[in-house]
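S.K.: coords please:
(chains A and B)
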Amino acid sequence: MNDVVAPPPTAAAYKSDYKPIWCPGCGDYTVLNAVTRAFAQLALPPHQIAVVSGIGCSSRIPAYTSCYGFHGVHGRSLAAGTGLKVARPDLTVLVAGGDGDGYSIGGNHFLHACRRNVDLTYIVMDNHVYGMTKGQASPTTEPDWDNKLSPGGTGIRAFHPLVIALASGANFVARAFSGDQNGTADIIAKAIRHPGFSFVEILSPCVTFRPEQRDWKNHVHPASVEATDDPARAARRIMTDDGFNIGVLYQGRRTPYPLKMGSGQAAVESLETEFAP
Amino acid sequence: MSPERTRPATLAEVMAQALGIERDAAERYSSLADVMEVHNNREVAALFRKMASIEATHAQQIMNAMGWTRAEDAPAVSRWWPGGDAPESVPQDEIHYLMTPWHALQLALGAEQRAEAFFAELASNAPTAAVREAALEMRNEEREHVELIRDWLAKVPRPEEDWAVDPDPPRYLD
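M.R.: Numbering: from 1, shown residues only, chains lettered A, B, ... in the order given. Purely as a prediction, here's the structure:
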């Protein structure tokens, strides 16, 4: 009897039957498509993937995939994703969320996830606003963004996630744009392939509370130089670019956190020793 | 938005580009149909669904013509279009939950015109006669689609000026 080899899954195979509920025109729709395309590119079996999120518009994403999903509490997606990856190193873990969830409520987890360098991928759909709660300024909001909730702007310097990730030890740092679905899929696939903690900042316009972000498509441009493995050079590039430089910006060579779990209680104890020495 | 763009140099590579463009367009229309269904705009949802089906048929026709049974049979090529969406994909960010079929067809018209221009450029700079012929054929097909959509548009009423006014909007911005 001949073996039947199943064809690799298409991007559609990674989508659930639930239709996404986002505002029409939201960048998150194309990010979802990019995620499923990346999975298809890598021919990952859906049951070998876990998509983990926190709270916010973009954090709805696990429900829209056919993979295993975990919709966690606000800002704690990286904690849940890290635990999952350490317990089940055989899974591909993709953690997803927005700028409020990831950089404010989950800011501390972000720093330490970069530092630990567990082999997982974190994508942040950044629209510089809390969309789900109706338009408050987030950590990446420009200090002079004038709106009814922060008249005249917050006056607070914006968080720079790529530099923070780099300084904290992320092993892969990239910026993508939701309006470039295929390019974003390529970057996510590279992030998943790269060992260690991979961070992808995806500019994803909020057409409802930040309609001016529709203009981002006229500003984004491909990174003009190849990714470097030198963190100092990467930091200089990221800090001096215009914020619309799209591509892989840093590919480090740090050894990922050693995944030794899976052998019972003793392993749990060693986990504590290694995480909190 | 890959900086590594390689101009298609063979018939198979041109057709692989065309296949990618049609498949992207079908996926985008399908996604927009879902959006409109969720937002209870049934008329535009049906139109987008129809467009998705048409683009999927075009993709299948390319596969049949090339003897490809799966999309993976096409040669792997880098996208030749300059950044962002494929030329025939309707922009994701230019839709509105109260849009009318007229708006949807305007977006479709723009998409077909971009596809026509894309293949015209490919034909103008084709490295071989075979590539030029294939690109011209694709350009002519897209030109036909442009005319079909113009005909379709002529049969659809123009929206009222206040088409986007909603006395009970889903989100209050004030």
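
S.K.: For chain B, give me the ranges with low pLDDT.
M.R.: Counting by pLDDT under 70, the ranges of chain B that qualify are B:1-5, B:172-174.

S.K.: should've said the stretch 51-200 of chain A
M.R.: Looking at the stretch 51-200 of chain A by pLDDT under 70, you get an empty list.

S.K.: A:His71 and A:Ala176: what is the separation?
M.R.: Distance, A:His71 to A:Ala176, using CB to CB, to the nearest Å: 23 Å. To be clear about C-beta, it is placed using only N, CA and C from the backbone, and glycine gets the same treatment.

S.K.: Over to A:Val73?
M.R.: The spacing between A:Val73 and A:Ala176, counted by CB to CB, is 26 Å.

S.K.: So between the two, which is more surrounded?
M.R.: With other CB atoms under 10 Å in any protein chain shown as the criterion, A:Val73 and A:Ala176 differ in neighbour count, and A:Ala176 comes out ahead with 28 against 13.

S.K.: Tell me the spatial nearest neighbour of the more buried one, not counting adjacent residues.
M.R.: Setting aside the residues directly before and after it, A:Ala176 is nearest to A:Thr184 in space (CB to CB, 6 or more residues apart in numbering or on different chains), at 4.2 Å.

S.K.: Report the contact partners of the one you found.
M.R.: If you count contacts by CB atoms under 8 Å, 6 or more residues apart in numbering or on different chains, A:Thr184 has them with A:Thr30, A:Val31, A:Ala34, A:Ala176, A:Phe177, A:Ser178, A:Ile202.

S.K.: A helix includes it, no?
M.R.: Yes: assigned with DSSP: H, G, I helix; E, B strand; the rest coil, A:Thr184 falls within a helix.

S.K.: now the strands for the stretch 101-250 of chain A?
M.R.: Counting by DSSP state E, counting those that start in this stretch, the stretch 101-250 of chain A has these strands, from start to end: A:121-126, A:172-177, A:198-203, A:221-222, A:245-251.

S.K.: Would you mind giving those strands as TSV with distance to A:Asp215 added?
M.R.: Putting the strands of the stretch 101-250 of chain A into TSV (distance: least, CB to CB, whole Å) gives the following:
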stretch	distance to A:Asp215
strand A:121-126	16
strand A:172-177	12
strand A:198-203	11
strand A:221-222	14
strand A:245-251	15
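
S.K.: what number of residues lie near A:His112?
M.R.: A count of nearby residues for A:His112, using other CB under 10 Å, gives 15.

S.K.: For it, give its distance to B:Ser30.
M.R.: As it turns out, when the distance is counted by CB to CB, A:His112 lies 40 Å from B:Ser30.

S.K.: And the residue nearest the centre of chain A?
M.R.: When chain A is reduced to its mean C-alpha position, the closest residue under CA atoms, centre = their mean turns out to be A:Ile123, at 0.7 Å.

S.K.: and it, bridged to which residues?
M.R.: Taking DSSP bridges as the rule, A:Ile123 bridges to A:Ala96, A:Val200.

S.K.: That one contacts A:Val95, doesn't it?
M.R.: Yes: using CB atoms under 8 Å, A:Ile123 and A:Val95 qualify as a contacting pair, with a distance of 7.4 Å.
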